[in-house]
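**Student:** Mind folding the following:
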Amino acid sequence: MIRFILLQNRQGKTRLAKYYVPLEESEKHKVEYEVHRLVVNRDSKFTNFVEFRTHKVIYRRYAGLFFSVCVDITDNELAYLESIHLFVEILDHFFSNVCELDLVFNFHKVYLILDEFILAGELQETSKRAIIERMSELEKLD
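**Tutor:** Residues are numbered from 1 along each chain as shown. Below you'll find the predicted structure:
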């Protein structure tokens, strides 16, 4: 199960945070700080999986953003690494070469895209085509 998803820039500013387990606000800030320190200082020659408390953080860096997913220790790392890449591909499709400002000014669309393929901390849809079609339908309603 996914515990939380974080999108952070190199300076540690959180651009998206989605929690699937209840945490106090102070604990959320502490987690965001700890995860950022963990992934930003990690050498690129190491794997993109790192133990975090009693869980695992799977992360990937795209340009200046770190996409981090915290999951149970027994979950498949490669499946979540692939889901991060899927998320970035879908963002890239909708924002045409996505950048950090797209995430800041269109955060509602980013959360909508995220909710299309992750539900209650579990991967719901893994087909890029299906997600893009669903998002196109929702765009027509606006």
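**Student:** How about residues contacting the top helix by length along the chain?
**Tutor:** Scanning the chain for the helix with the most residues, using DSSP state H, yields helix 77-95. For helix 77-95, contacts defined as CB atoms under 8 Å, 6 or more residues apart in numbering pick out 2, 48-49, 56, 58-60, 62, 67, 69, 71, 98, 102-103, 106, 109-110, 113-114, 117-118, 123, 126, 128, 131-132, 135. For the C-beta atoms, the positions are set from N, CA and C on the backbone; glycine is no exception.
**Student:** ChimeraX command for the buried members of those residues?
**Tutor:** A single ChimeraX command suffices to select whichever of the contacts of helix 77-95 are buried according to 16 or more other CB atoms under 10 Å:
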select :2,48,56,58,59,60,67,69,71,98,102,103,106,109,110,113,114,117,118,131,132,135
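**Student:** Let's test this: what are the backbone torsions at the residue nearest to L38 when sequence neighbours are not counted?
**Tutor:** Using CB to CB, 6 or more residues apart in numbering and skipping residues adjacent in sequence, the residue nearest L38 is V50, 5.9 Å away. Per-residue torsions, V50: phi -150, psi 140 (degrees, to the nearest 10).
**Student:** Next up, the contacts around V50.
**Tutor:** Contacts of V50 by CB under 8 Å, 6+ apart are L38, V39, R42, K56, V57, Y59.
**Student:** Pretty sure L103 sits against K13.
**Tutor:** No: the criterion here is CB atoms under 8 Å, and L103 misses it with K13 at 10.8 Å.
**Student:** which residues touch the host helix or strand of H108?
**Tutor:** Assigned by DSSP states H and E, H108 falls within helix 107-117. Defining contact as CB under 8 Å, 6+ apart, one finds that helix 107-117 is touched by 5, 15-16, 18, 83, 86-87, 90-91, 94, 103, 123-126, 131, 134-135, 138.
**Student:** Swap in 10 Å and give it another go.
**Tutor:** Here helix 107-117 makes contact (CB atoms under 10 Å, 6 or more residues apart in numbering) with 5, 7, 15-16, 18, 83, 86-87, 90-91, 93-95, 98, 102-104, 106, 123-128, 130-132, 134-135, 138-139, 142.
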